[in-house]
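K.L.:
Okay, here's the prediction I keep looking at, along with the sequence it came from:
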Amino acid sequence: MAVSALPAASIVTAETFYLPPPPRRGQPAEDWSQIPGAELVYAWVEYRLGRRVPVPTEFVPDHPGLYAWIDDGRWITECDACKTAWAVSVADPRFGCAECRRDWVRLIVPDDIEAAEAEALALPRRFWWHPDDPRNPVQPEPEPEPTPEPESPEVEA
C-alpha cells in the first residue's frame, strides 16, 4: 500500500505548494513571501513551465464563483472554462487560470476552514467538499414528503 507524501497534520494550499526554486550555489534564495497566495501559481508557472502568464487585474463580471475543495490533502479548484485544476489559497480567495488566462473569479471557501481541514484530515484519503457544491458526491438526503392524511368522511346526524 502506498503511503502519502503529504504532511500528516496539514492540508496543502497554494502557499505551501507553489514554492520558489532552490537557490543556485552561492546565490541567495528567491523570496516569494510578498506574492499574494492567489498569484503564486503565476510565478510557479513561469519558473517550472517556462511560460510567462500575466496576472489578472480584473474579475469576470457576474460570475457566481468557483468552489474550493480538498482533494487528497490539497485545496484545489477547477477552472470552469478549460477544466484545468490548480492548488488554491483559502487565505486569498481569488482564482485565475494560468492555462486559459482568464480573469479572477471569486473562490468559494467554507466559513470554518479549520473545521473542513480537520474533517479531511480524519479521513484516510483526505477529501472534503463544500456542502453547497453541486459536484459534492455526498449530497444530503432530501427530506421525505409527508404523506397526506386520508380525509375521513363526515358523518351526518
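P.N.:
Nice, I can see it. Numbering: from 1, shown residues only.

K.L.:
Now do stretch 130-143: everything it contacts.
P.N.:
Identification of contacts with stretch 130-143 by Cβ atoms under 8 Å, 6 or more residues apart in numbering yields Y67, A68, W69, I108, V109, P110, W129. Using the backbone N, CA and C atoms, a C-beta is placed for each residue, glycine as well.

K.L.:
Which one (most neighbours) among those?
P.N.:
Using other Cβ atoms under 10 Å as the neighbour test, those are led by A68, with 27 neighbours.

K.L.:
Verify the stated contact: that one with T77.
P.N.:
Yes: at 4.9 Å, A68 counts as touching T77 under the criterion of Cβ atoms under 8 Å.

K.L.:
hmm, back to that, out of the contacts of stretch 130-143, which sit inside helices?
P.N.:
Judged by DSSP state H, helices contain none of the contacts of stretch 130-143.

K.L.:
what about the spatially closest residue to E46 that is not a sequence neighbour, distance to S33?
P.N.:
The shortest distance from E46 to any non-neighbouring residue, by Cβ to Cβ, 6 or more residues apart in numbering, is to R52 (5.3 Å). As judged by Cβ to Cβ, to the nearest Å, R52 and S33 stand 21 Å apart.

K.L.:
R94 now?
P.N.:
According to Cβ to Cβ, R94 and S33 sit 18 Å apart.

K.L.:
okay, those two: which has more neighbours?
P.N.:
Neighbour count, other Cβ under 10 Å: between R94 and S33, R94 has more, with 17 against 7.
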